[in-house]
Structure formats: C-alpha cells, structure tokens
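> coords below, sequence missing:
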C-alpha cells in the first residue's frame with residue numbers, strides 16, 4: 001500500500017502537466033433563462049483554442065488555431081480595443097460561424113442571454 005501511494009504521489013505532477021487546455025462550463029442560475037455552455041480554452045500539441053461569446057451569433061463559440069511552429073504562441077487577433085473600465089487592451093478574434101469579432105472569456109459574472117449577474121462556473125476540466 002505504501003509503495004502504491006508513493007508512486008501515485010510521484011506520478012501525479014507529470015499527469016497534470018501533460019494537459020495543455022481547460023474545459024470550462026457555465027450555467028445561468030436564473031430559472032427563466034437556463035443558459036448553459038461548455039467551452040474549450042488554451043492549447044494542446046496540435047492546436048490552440050480561444051473561446052468567447054459571439055454577440056452576433058448569440059452563443060458561445062470556440063476558434064481553433066493550428067500550432068504550426070509548436071511554440072504554443074497566442075494566435076493573432078483580428079482587432080485590439082482598449083477597455084476603459086479595466087485599463088487593459090482586449091484582443092478580439094474572428095467567430096468561426098459568422099466571422100464577426102468576439103472577445104475571449106475571462107471571469108464571467110453576467111449571463112450573455114438574460115444579462116443578469118447570475119452566471120455560475122463549474123469546476124474546470126483539462127484536455128489535450
């Protein structure tokens with residue numbers, strides 16, 4: 001038993017660093033809205049995924065970019081805007097469905113459907 005536990009403790013960090021991306025789930029707690037979404041963020045060996053809410057399509061979308069040089073660099077944005085509430089520059093990416101720009105997800109407090117402060121995020125998962 002002790003041997004098994006020691007091996008598990010040794011191998012666990014190696015399994016965690018093999019995953020490069022994150023699966024995030026969102027649910028609106030407003031019973032009249034019932035918005036929910038599952039998105040993929042980050043990158044694996046072959047691709048990088050950027051997810052966000054496309055206001056034109058009215059849904060969560062994920063743009064996938066191939067990692068040609070295997071350096072895992074952030075994909076080129078189609079536009080950059082300055083957010084006056086945070087003072088940060090936001091990069092916008094092209095929606096794979098409608099080709100309109102969308103901003104990548106950060107911390108999500110508000111539901112994009114009902115606009116209420118009713119968004120709950122589930123426990124993130126990992127993907128590669």
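That came through, no problem. Given the structure is predicted, the values throughout are model-derived calculations rather than measurements.

> what's the spatially most central residue of the chain in contact with, if anything?
Taking Cα atoms, centre = their mean, the centroid of the chain lies closest to residue 41, which sits 3.2 Å from it. Residue 41 makes contact with 21, 22, 23, 24, 49, 50, 51, 104, 105, according to Cβ atoms under 8 Å, 6 or more residues apart in numbering. Bear in mind the C-beta positions are built from the backbone N, C-alpha and C, glycine included.

> which is the next helix or strand following the worst-scoring helix or strand of the chain on mean pLDDT?
Here the helix or strand of the chain ranked lowest by mean pLDDT, DSSP states H and E is helix 2-16, holding a mean of 55. Counting by DSSP states H and E, the next helix or strand C-terminal to helix 2-16 is strand 21-28.

> Show the average pLDDT along that next one.
What strand 21-28 shows for mean pLDDT is 86.

> What are the buried residues along that strand?
Using 16 or more other Cβ atoms under 10 Å as the test for burial, strand 21-28 gives 21, 22, 23, 24, 26, 27, 28.

> quick one: the helix or strand just after it to chain centroid distance?
As assigned by DSSP H and E, the chain's next helix or strand after strand 21-28 is strand 36-43. Distance of strand 36-43 from its chain centroid, counting by Cα atoms, centre = their mean, to the nearest Å, is 4 Å.

> Tell me which strands strand 36-43 pairs with, and in which orientation.
strand 21-28 (antiparallel), strand 47-54 (antiparallel) (DSSP bridges).

> Export these as CSV, with columns for distance to residue 37.
Listed next are these as CSV, based on distance: least, Cβ to Cβ, whole Å:
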stretch, distance to residue 37
strand 21-28, 5
strand 47-54, 8
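
> Residue 78: which of those is closest?
Closest approach to residue 78 among these (Cβ to Cβ): strand 47-54, 11.1 Å.
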